[in-house]
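> Here you go, sequence then predicted model.
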Amino acid sequence: MQFSVDKNNLLSHIQKVSKVSPTRSTMPILNSILFDIKENQLTLRSSDIEITMNATLNVNGKEDGAVALPTRIIYDIINEAEEGELILSSDTEGACTLKSGKGVFEIMGRPGDEFPSLPKISNFNDVEIENSTLRRMIQKTIIAVSKDELKPALMGVLFQIKRHEIRTVATDGHRLVCLIRQDFQNEAYEGEVIIPVKFLNLLLGYLDSEGTTLLSISENHVKVELDSTVIYSRIIDEHFPDYESVIPKDNDKIISMDLNSLLSTIRRVVIFSNKTTHQISLSLSKNITKISTVNQESRTSADEEVDINYSGDDMVVGYNAEYLKEILRNVDTNNVILKLKSSISACLILPEEQKENEDFTMLLMPIRLNE
Amino acid sequence: MSKIKILSDQLTNKIAAGEVVQRPASLVKELVENSLDAGAREITIVIKSGGKALCQVIDNGDGMGKDDLLLAFERYATSKIATTEDLMAIRTLGFRGEALASIAAVAIVNAVSAEKAAESGYELRVEGGSFRDIKPIAATSGTNISVKNLFYNIPARRKFLKSSDVEFRHIIEIIRKFSMIHPQVQFTLIHNDKEVFRLRPEELIDRVVNLYSSEYRGNLIRVDETSAGMTLSGYIGNLNLVRARHGDQYLFVNNRFVSDRLMNHAINTAYSKLISRGEYPFYCLHIQLDPAAVDVNVHPAKMEVKFREQNSVYRFLEDSVKSGLKVIMNVIPDLARFAPEHYYAPLPVNRKDQPDQELPDTEKEMIEAQSPSSNHDFLSFPQTRPESQAEMPLHFSQGRPVGQWTERARRFVEQGLPESQVDYRPDIPLYQLHNKYIITQVKSGLVIIDQHVAHERILYDNAIKAMSEQPWRGQQLLFPQIVELSVMDFSMLLDVIPFLEKIGFSLREFGKNTVALEAVPAGMTWGNESTIIKEILDHYHEFGTKDTSIQSKVAASYSCKAAIKSGDKLTEEEMRNLVDNLFATQNPYFCPHGRPIIINLTIKELDKRFERV
Ligand SMILES: Nc1ncnc2c1ncn2[C@@H]1O[C@H](COP(=O)(O)OP(=O)(O)OP(=O)(O)O)[C@@H](O)[C@H]1O
Ligand SMILES: [Mg+2]
């Protein structure tokens, strides 16, 4: 294999694909990037088995062939290389020479055919989504994704796709976020997939521009093509829990309050909470709620009142303040609505008003106060 | 005038009678007891072929005159008691007047004895129970009894004797006991013409160290308590001396070794928070009390006693040991504590220098010799008493590599640190090693923390607190977990539900043998809520004894199952949180099962390892 290319052109592509390379992997080959040259086209590929990313660029090809080069070292040397042209060549054993300016650098790689090939996928269903919509749908739900490897179904975001509606849902068993958009058209496909959070985080990096993104869904994979880059990901082949049945319909204690004053009060109070449970309590009474915490171990406590709009019965509920904070930060209206029923059932957290064609629901389970 | 009298029938009927001689070791026991009763300061035990050929005990005690020597081998002939009242308050080891008579019936006995100021001694030969001969002989004061060819006249019994090695081990164990309760008496043991050891008069702690290893010195806790006419003295071992096998537990009552389940239970109870099932602490304790308050006449082997006020002795024992154990925090456990197999030297297999070949050393016997019920490896005795501590590099002198032992012992003595020296500082970085241990710097060097047991300790303490004081909060689950149980587990669950609820679980009955788990302890992250209940029940079922309270069983099961596992990756913040919480617990050094949580490596130790000093 041999080719020459402009340093900056190569560097920007390596930066992209290196995001997929695991830093440490039990399969050493995955700690490298595949360089594959066919005539004047260079394909770079990285993979962590779950996700595979392909980036192509035009180069000056001399000899076809492929080599896998260690991600760290190839990235560092190209980053530090002098401006201008680089010449890379390798033999079939994987020994690679990089020439840059007056420098000659020898790198030991692996033969290209040892690198995992692209997933063989057929029968893609293409779903086209507006970039801004997709970004919002991911950003809002991703906070509730579980990190717990023993609950694989919850380690991604559920995409439910219908003809005229798309939903994203995520939950970790303690809280749940569900976002529904009706301004969506899709004639070809109806179905649902759980997409791993790592893929969605990668994808977010490509959604800043105007335009649309094509999500291609197959039985086991999801794929996006973004200009010269293609990302493949396995989808999570698990059963997502029946989330609709746990979203309460009859929560009749309705509170509305200023989002920022609530958030800043919680931030102050949580300093005094138990470091394991992060438990705070909200004591609701007419038009006022007291937010408080007591930490038995450190003998500290905090109490602060917040004005609210509420006319129901007095009630005390406890929450994990860290969860509550994350959920409230997700709200993008000035006021937030809480809908409650009892101190042991789910609380609905909603924006003051829904965006057009959108239904955005969050849900948080309380901590029992045993009082 | 003879000192020995034949007991009246009326009195002999009151004595717990039974078989006195079962094996060479029981014979040696009787002979040594007699020597000790005669006030001997030096006792030499000569054994051949594990005692099957010869058991000889030579003492420098009071000795016997001609008449006494003849009487001594009669049944119920004793100088130690005379009346029923005497039987109620026995101060001597012997009292039945039976031992020598029984021995004489099953072996060939030769006894030489001379009283202190006597002109001459006498030699008596007894064979198969009948006198052969008595004649004057020149002898220094004291008694020398040799017993040859045990069971020569009862072949069936002789056949049941074990190999010489095994029998000799039993003898060693008997002498070990005597020597521990009489550190001021010199004991010399000779086997097959070789001196196995010579224990010179010394302090108890030195005796224990000489009997075991120098490692013991730094790990013994002195006990000295007096209460209501009872005194308890001796040593208990800290957790470094806890072994996975039974055997190093010595309890003496008025100079007599006793095996008393109840009293041993009292001691184990005192340890109970620190050790778990299948672990045995070391102790060598001596209860002294009014002989009238304890009945030794309950079993023919004289190894059991009955306390008149059993409960108060029990409490005294438990309390004394508990208060001794308070200092246990001062010593952080040894690195190799859980390798008891390193601790005991392996048994010598088929050594050629053993002349005993009458009985084959079958493999079965070798196995038996190694099983926990058998006694200790006699090789752990120092063969000769070292002149000074510094010159005591060998615990046995068979040319076996003992570097490991001495190294451990040395390392051990150095690393015992008072609690205050583990000054954990929250601004110093923490490192996670193999997703298993947390390492951080402390003033004296470094500490290694086992993440699983550390978390277990924290959760256990939290759970106990939650059950007795403020309940722990429960995080409600969005998707209640349905848990199906067996009938057994379900009924067990009903017992423990009130305790589980206090630590934050919330369970609702949901059909037959099925529960819905609706809340879990807040702040806990474990993947599978539905299995945690089953795991807790399994552990609960296995853990502890009848005496452990439900509360601590539930707490232990919960903490064991809910704790982060070894292998879990922790963030810096999680590690910090864990270590902070650990040092806030009552006992950061041992987990609820008694395993060590923290190991300390001092700079001094590291300097030594790197040969800087
Ligand atoms: N080594 C000895 N030195 C001096 N006297 C001895 C010695 N051995 C035995 N005697 C005397 O012989 C007596 C009989 O001993 P023997 O062991 O048969 O009975 P005992 O010790 O009185 O009671 P027990 O049967 O409980 O051991 C003793 O009471 C003691 O007076
Ligand atoms: Mg006796």
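Good, I have the coordinates. Ligands and ions are numbered 1, 2, ... in the order given.

> Can you get me a residue count around residue B:13?
The local packing of residue B:13 (other CB atoms under 10 Å in any protein chain shown) involves 9 other residues. In this view, the C-beta of every residue, glycine as well, is placed from N, C-alpha and C.

> what do you get for residue B:577?
For residue B:577, using other CB under 10 Å, the count is 16.

> Without its sequence neighbours, what residue ends up closest to it?
Excluding the flanking residues, the one nearest residue B:577 by CB to CB, 6 or more residues apart in numbering or on different chains is residue A:275, at 6.1 Å.

> Need the three-state assignment for that neighbour.
coil (DSSP: H, G, I helix; E, B strand; the rest coil).

> Distance of it relative to residue A:248?
Applying CB to CB, to the nearest Å, the value for residue A:275 to residue A:248 is 30 Å.

> What of residue B:570?
Residue B:570 is 36 Å from residue A:248, by CB to CB.

> where does the stretch 101-250 of chain A have low pLDDT?
In the prediction, the stretch 101-250 of chain A carries no residues with pLDDT under 70.

> What ranges does it have for its helices?
A:131-142, A:197-204 (DSSP state H, counting those that start in this stretch).

> what angle sits between the shortest one and helix A:131-142?
Put plainly, it is helix A:197-204. 150 degrees (axes from the mean of the first three to the mean of the last three CA atoms, to 10 degrees).

> Now do helix A:197-204: everything it contacts.
A:19-20, A:48, A:50-51, A:53, A:134-135, A:138-139, A:142, A:145, A:155-157, A:213, A:222, A:224, A:231, A:233 (CB atoms under 8 Å, 6 or more residues apart in numbering or on different chains).

> Make a markdown table out of the helices of the stretch 101-250 of chain A and add distance to ligand 1.
Putting these into a markdown table (distance: least, CB to the nearest ligand atom, whole Å) gives the following:
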| stretch | distance to ligand 1 |
| --- | --- |
| helix A:131-142 | 84 |
| helix A:197-204 | 81 |
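
> could I get the ones you listed as TSV with distance to residue B:310 and mean neighbour count?
What follows is these, written out as TSV (distance: least, CB to CB, whole Å; neighbours: other CB atoms under 10 Å in any protein chain shown):
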stretch	distance to residue B:310	mean neighbour count
helix A:131-142	68	20
helix A:197-204	66	18
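
> of all the ones you listed, which lies closest to ligand 2?
helix A:197-204 (81.5 Å; CB to the ion).

> chain center to the closest one: distance?
4 Å (CA atoms, centre = their mean, to the nearest Å).

> Packing partners of whatever helix or strand residue B:465 lives in?
Under the criterion of DSSP states H and E, residue B:465 resides in helix B:451-468. Judged by 3 or more CB pairs under 8 Å, 6 or more residues apart in numbering or on different chains; DSSP states H and E, the packing partners of helix B:451-468 are strand B:437-442, helix B:487-502, helix B:550-562, helix B:572-583.

> picking that back up, of the helices of the stretch 101-250 of chain A, which is nearest residue A:356?
helix A:131-142 (12.0 Å; CB to CB).

> returning to that earlier point: so which of the contacts of helix A:197-204 are in strands?
In this view, the contacts of helix A:197-204 that belong to strands under DSSP state E are A:51, A:53, A:156, A:157, A:213, A:222, A:224, A:231, A:233.

> circling back: just checking, the residue nearest to residue B:577 touches residue B:578?
No - in this structure, residue A:275 is not within contact of residue B:578 by CB atoms under 8 Å, at 10.7 Å.

> Okay, now the unreliable bits of the stretch 101-250 of chain B?
Residues of the stretch 101-250 of chain B that meet the cut-off, pLDDT under 70, sit at B:244-245.

> can you give me the strands in it?
B:108-114, B:121-127, B:130-137, B:142-148, B:186-191, B:194-199, B:220-227, B:230-237, B:249-253 (DSSP state E, counting those that start in this stretch).

> Just the buried subset of the contacts of helix A:197-204, please.
Neighbour-count burial (16 or more other CB atoms under 10 Å in any protein chain shown) applied to those gives A:20, A:48, A:51, A:53, A:134-135, A:138, A:142, A:145, A:155-157, A:213, A:222, A:224, A:231, A:233.

> Compute the number of surrounding residues for residue B:575.
20.

> Look at the nearest residue to it once chain neighbours are set aside and report its pLDDT.
Of all residues not flanking residue B:575 in the chain, residue B:430 sits nearest, at 4.4 Å (CB to CB, 6+ apart). Looking at residue B:430, its pLDDT reads 89.

> Quick one: residues contacting residue B:430.
Residue B:430 makes contacts with B:438, B:439, B:440, B:572, B:575, B:576, B:579, as judged by CB under 8 Å, 6+ apart.

> quick revisit: out of the helices and strands packed on helix B:451-468, deepest packed?
helix B:550-562 (a mean of 23; mean count of other CB atoms under 10 Å in any protein chain shown).

> tell me what that one is packed against?
Applying 3+ CB pairs under 8 Å, 6+ apart, one finds that helix B:550-562 makes contact with helix B:451-468, helix B:487-502, helix B:529-542.

> Tell me if I'm right that residue B:560 and residue B:456 touch.
Yes - assessed by CB under 8 Å, residue B:560 is found in contact with residue B:456 at 5.9 Å.

> Closest one to residue B:35 out of the ones in strands among the contacts of helix A:197-204, please.
residue A:156 (81.8 Å).

> That closest one pairs with what?
As for beta bridges, residue A:156 partners with residue A:196 under DSSP bridges.

> Over to the one 10 residues further on?
The bridge-partner assignment for residue A:166, based on DSSP bridges, gives residue A:161, residue A:181.

> okay, now it: neighbour count?
Neighbour tally, residue A:166, other CB under 10 Å: 23.

> cool, and the one 10 residues further on?
When neighbours are defined as other CB under 10 Å, residue A:176 has 26 of them.

> thinking it is in contact with residue B:478, fair?
Yes - shown here, residue A:176 and residue B:478 form a contact pair, counting by CB under 8 Å, at 6.1 Å.

> what is in contact with the two at once?
In contact with both residue A:176 and residue B:478: A:246, A:363, using CB under 8 Å, 6+ apart.

> got a list of what whichever residue of chain A sits closest to ligand 2 touches?
Closest approach between chain A and ligand 2, counting by CB to the ion: residue A:297, at 62.5 Å. Contacts for residue A:297 were tallied using CB under 8 Å, 6+ apart; they are A:274, B:584.

> how close does it sit to residue A:196?
38 Å.

> Name the residues of the helix or strand containing residue A:14 that come out as buried.
Secondary structure from DSSP H and E places residue A:14 in helix A:7-18. Neighbour-count burial for helix A:7-18 flags A:7, A:10, A:11, A:13, A:14, A:16, A:17, A:18 (criterion: 16+ other CB under 10 Å).

> Done for today, thanks.
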